[in-house]
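Student: Please find the sequence and the predicted model below.
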Amino acid sequence: MNKTTENPVTGGNGAPADASTQAAARHFAEAVALHLQGKREAALAELDAAEESGRDPAQISAARGHIQFELRRFEDAACSYSRLCELDPGNSEARFVLALCYHQLGHHAEALKAFETVLAANRGHLNARLAAGTCLLHLNKHAEALEAFRAAQGLSPDSDAALFGQAVALQMGWEFDEAAALYQRILARNADSEDSLVNMISIGLHRKDYALVQSCAERLLASHPDSAAALEGLAAAAFYRQDLDAAARYARKLTEVAPQVFDNWFNLGVALQKLNRPQEAIAAYQRAIQLRPEAIFAHINLGVVYQDQGDLAGARAAFEQASQIAPYRDDLKFHVAWIAEQQKSADEAEQLYAQVVEKNPELENAWFRLGYLRLERQDFAGAVTPFEKCLAKRGDWPEAQINLALAHWRLDHFAEAEAVLEKLHERHPESLDAIKGLAETAVQLGQPEKALRYHRMLIDRGNAAAQVYYNAGVLAQHLNDAPAAIELYRGALQAQPEFAEALLNLGHAFESIGNNDDARASWIQALTLKPELAKDYFLPRAE
């Protein structure tokens, strides 16, 4: 046997390969070796070198796209597979992976189009049909997605993925019973199916079926102790049954599992606020606000907690921040005004209430506070309009009616005051404020019979003070009804035995019916209690 030398590298036809071909082969082989070692970036560099040396561009694109996909560099992988599809238009698997890249990038319309191209060439491509259904779900085309997943199940009757896709499509279409039945079929085969349990929790929350929520969340938490969905479900169920300790416990665990999620801190704040643990609630709301400064309800709830604690400065700062976020919310400026009022800044509060009603005249409570503050500083004319606005919004508002009547009264508009009070008395005949107001108004209007009638209403209701009996006695005496006056003065003295003026007038009533002995006894007792009443004794009296 003759001795031979080592064979040179040959081309495909047996001819020796040129240097560039040899270099391309070496670079490609090195890329494969590096990939096997897990050195993907180095492998990509070798593929670049192989391409520069003239390696088949389709082969390079396939290899490069494969590695880029593994590295989750989907944009780069999409470019590589796009190039491969141009070089090899019939390569349906390249088209499939390109579609997966689009899907991972969130370009679901482009992904769907690519998957449909794959299915046009191969209608039995199960994964392409499943992926197309998923794209349709992302595009909110749940009816079309349902058909895609049913077709996939036709290709593979035992496919849990096809069953799950149908369930999701039905759930998106609010067909909760049908969706739940499919999830239950999956769970019967795989009791720990995380996605199925998560979606069953979601269905339970939509249907307010907290028993289902509790059951599925407990199953999920048993296999996935840090499952946010399970903890959220258990917290929601606890809130529903008013088990605030449990709600706070699950919400606290959620903040540990996902500390960067706003809702977790906000819900913890709500639970702690309801548990009357204000300092912890404040800390939770403050953390929620750090995560989402524009979250208006976090600021509002924080303000309420501060307010309940008597921290008016903290409450005001929180409500002012909420008002800056939502300047269209006039109710928030109302809160700021109310706090200013509590801080004894009446002038500022009045200005704020005026701004609120100017911008939003429908806020009746702001009108009421504005009227009240004007009454307080004795701007009775200015108080009339706010209380009239209140009653225009809510005709049956006793407090507004009383205050409006008071404003009219202090302006000496007694007829207007009487009209307001009569409406109040008609709707609320038990209102003592209305009866007292009507009694006093009748006196001012020179209507003693009506005034006496209202005074007797107060007495009959058992809420009359000595002064009411006395005033009624004066009215009866004015009407020349001495027996009634005697009865009423005695009522005043029973309530207040040392009521000197009642004793004095009682004496006059006795005198008017000829009972001089009792008259003198009453006068003497009155003068003993209050000697200054004697100053008019010797004045001449008309016969």
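Tutor: Nice, I can see it.
Student: Figure out the helix or strand that Q171 lives in.
Tutor: In this structure, Q171 sits in helix 160-172 according to DSSP states H and E.
Student: which other helices and strands contact that helix?
Tutor: The criterion is 3 or more C-beta pairs under 8 Å, 6 or more residues apart in numbering; DSSP states H and E, and the helices and strands that helix 160-172 contacts are helix 126-138, helix 142-155, helix 176-189, helix 194-207. Every residue, glycine included, has its C-beta placed from N, CA and C.
Student: which of those helices sits most buried?
Tutor: helix 126-138 (a mean of 22; mean count of other C-beta atoms under 10 Å).
Student: helices or strands next to that one in the packing?
Tutor: Right, helix 126-138 is packed against helix 92-104, helix 108-121, helix 142-155, helix 160-172 by 3+ C-beta pairs under 8 Å, 6+ apart.
Student: Excluding residues flanking it in the chain, which one is nearest A464?
Tutor: L458 (4.7 Å; C-beta to C-beta, 6 or more residues apart in numbering).
Student: ok so, going back, need the helices and strands packed on helix 126-138 in CSV with distance to L529, can you?
Tutor: CSV is the format used below for the helices and strands packed on helix 126-138 (distance: least, C-beta to C-beta, whole Å):
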stretch, distance to L529
helix 92-104, 99
helix 108-121, 96
helix 142-155, 91
helix 160-172, 86
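Student: among the ones you listed, which is nearest A346?
Tutor: When the helices and strands packed on helix 126-138 are compared by C-beta to C-beta, helix 160-172 sits nearest A346, at 55.6 Å.
Student: re the thing from before, wait, isn't the residue nearest to A464 in contact with N471?
Tutor: No. Under the criterion of C-beta atoms under 8 Å, L458 is not in contact with N471, lying 9.5 Å apart.
Student: what sits in contact with each of those two?
Tutor: A439 (C-beta atoms under 8 Å, 6 or more residues apart in numbering).
Student: Format the helices and strands packed on helix 160-172 as CSV; extra columns: mean pLDDT.
Tutor: Formatted as CSV, the entries for those read as follows, by pLDDT from 0 to 100:
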stretch, mean pLDDT
helix 126-138, 93
helix 142-155, 93
helix 176-189, 93
helix 194-207, 94
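Student: right, so of those helices, which gets closest to V118?
Tutor: If we rank the helices and strands packed on helix 160-172 by C-beta to C-beta, the stretch that ends up nearest is helix 126-138, at 4.3 Å.
Student: Tell me how far that closest one lies from the chain's centre.
Tutor: From the chain centre to the centre of helix 126-138 is a distance of 36 Å (C-alpha atoms, centre = their mean, to the nearest Å).
Student: and the angle from that helix to helix 142-155?
Tutor: Relative orientation of helix 126-138 versus helix 142-155 (axes from the mean of the first three to the mean of the last three C-alpha atoms, to 10 degrees): 160 degrees.
Student: ok so, going back, for L44, find the nearest of the helices and strands packed on helix 126-138.
Tutor: The nearest among these, by C-beta to C-beta, is helix 92-104 at 16.1 Å.
Student: ok, Y489 - contacts?
Tutor: When contacts are taken as C-beta under 8 Å, 6+ apart, Y489 is in contact with Y469, Y470, G473, A502, L503, N505, L506, A509.
Student: Buried subset of the residues you listed as a ChimeraX selection?
Tutor: If you want just the buried ones from the contacts of Y489 in ChimeraX, going by 16 or more other C-beta atoms under 10 Å, the selection is:
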select :469,470,473,502,503,505,506,509
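Student: still on that earlier bit, of all the helices and strands packed on helix 126-138, which lies closest to L404?
Tutor: Proximity to L404, assessed across the helices and strands packed on helix 126-138 by C-beta to C-beta, is greatest for helix 160-172 (55.6 Å).
Student: Let me see the mean pLDDT of that closest one.
Tutor: Taken as a whole, helix 160-172 has an average pLDDT of 94.
Student: Same check on stretch 395-414?
Tutor: For stretch 395-414, the mean per-residue pLDDT is 96.
Student: I'd like the distance from it to the chain centre, please.
Tutor: 37 Å.
Student: what comes up buried for that stretch?
Tutor: Under 16+ other C-beta under 10 Å, the buried positions of stretch 395-414 are 397, 400-409, 413-414.
Student: Next secondary structure after the helix or strand where A485 lies?
Tutor: Counting by DSSP H and E, the element that carries A485 is helix 482-495. Note on helix 482-495: by DSSP H and E, the next helix or strand toward the C-terminus is helix 500-512.
Student: secondary structure class for the residue most central in space within the chain?
Tutor: Centroid-nearest residue in the chain, with C-alpha atoms, centre = their mean: F297, separated by 5.8 Å. In terms of secondary structure, F297 is helix; the call rests on DSSP: H, G, I helix; E, B strand; the rest coil.
Student: now the helices and strands packed on helix 160-172 as a markdown table including distance to R55?
Tutor: Compiled in a markdown table, those are given as follows (distance: least, C-beta to C-beta, whole Å):
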| stretch | distance to R55 |
| --- | --- |
| helix 126-138 | 29 |
| helix 142-155 | 37 |
| helix 176-189 | 46 |
| helix 194-207 | 42 |
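Student: nearest to S80, of those?
Tutor: When the helices and strands packed on helix 160-172 are compared for distance to S80 using C-beta to C-beta, the nearest one is helix 126-138, at 19.0 Å.
Student: And the contacts of the closest one?
Tutor: Residues outside helix 126-138 that contact it (C-beta under 8 Å, 6+ apart): 96, 99-100, 103, 106, 108-109, 111-112, 115-116, 118-119, 122, 142, 144-145, 148-149, 151-152, 155-156, 159, 161-162, 165, 168-169, 172.
Student: how about a cut-off of 6 Å?
Tutor: With C-beta atoms under 6 Å, 6 or more residues apart in numbering as the contact definition, helix 126-138 has outside contacts at 96, 108, 111-112, 115, 118-119, 144-145, 148-149, 151-152, 155-156, 161, 165, 168.
Student: and what of stretch 290-298?
Tutor: In contact with stretch 290-298 (C-beta under 6 Å, 6+ apart) are residues F262, F266, Y285, A288, I289, A322, I325, A326.
Student: got a list of what the last one touches?
Tutor: Shown here is A326, whose contacts under the criterion C-beta under 6 Å, 6+ apart are I296.
Student: which phi and psi does it have?
Tutor: The main-chain torsion angles of A326 are listed as degrees, to the nearest 10 and equal phi -130, psi 70.
Student: Please work out how many residues are found near the closest residue to E348 other than its chain neighbours.
Tutor: With C-beta to C-beta, 6+ apart as the criterion, E348 has its nearest non-adjacent residue at 4.8 Å, and that residue is A340. Here the neighbour count serves as a burial measure; for A340 (other C-beta atoms under 10 Å) it reads 20.
Student: ok so A340 is a helix residue?
Tutor: Yes. Secondary structure assignment (three-state DSSP) places A340 inside a helix.
Student: my guess is it contacts E350, does it?
Tutor: No. Under the criterion of C-beta atoms under 6 Å, A340 lies out of contact with E350, with a separation of 9.0 Å.
Student: Low-confidence stretches in the stretch 401-543 of the chain?
Tutor: Regions of the stretch 401-543 of the chain meeting the criterion pLDDT under 70 cover residues 537-543.
Student: how near is L112 to E399?
Tutor: Relative to E399, L112 is positioned 63 Å away (C-beta to C-beta, to the nearest Å).
Student: For the closest residue to L503 other than its chain neighbours, pull up the helix or strand it's in.
Tutor: With C-beta to C-beta, 6+ apart as the criterion, L503 has its nearest non-adjacent residue at 3.7 Å, and that residue is A526. Using DSSP H and E, A526 falls within helix 516-529.
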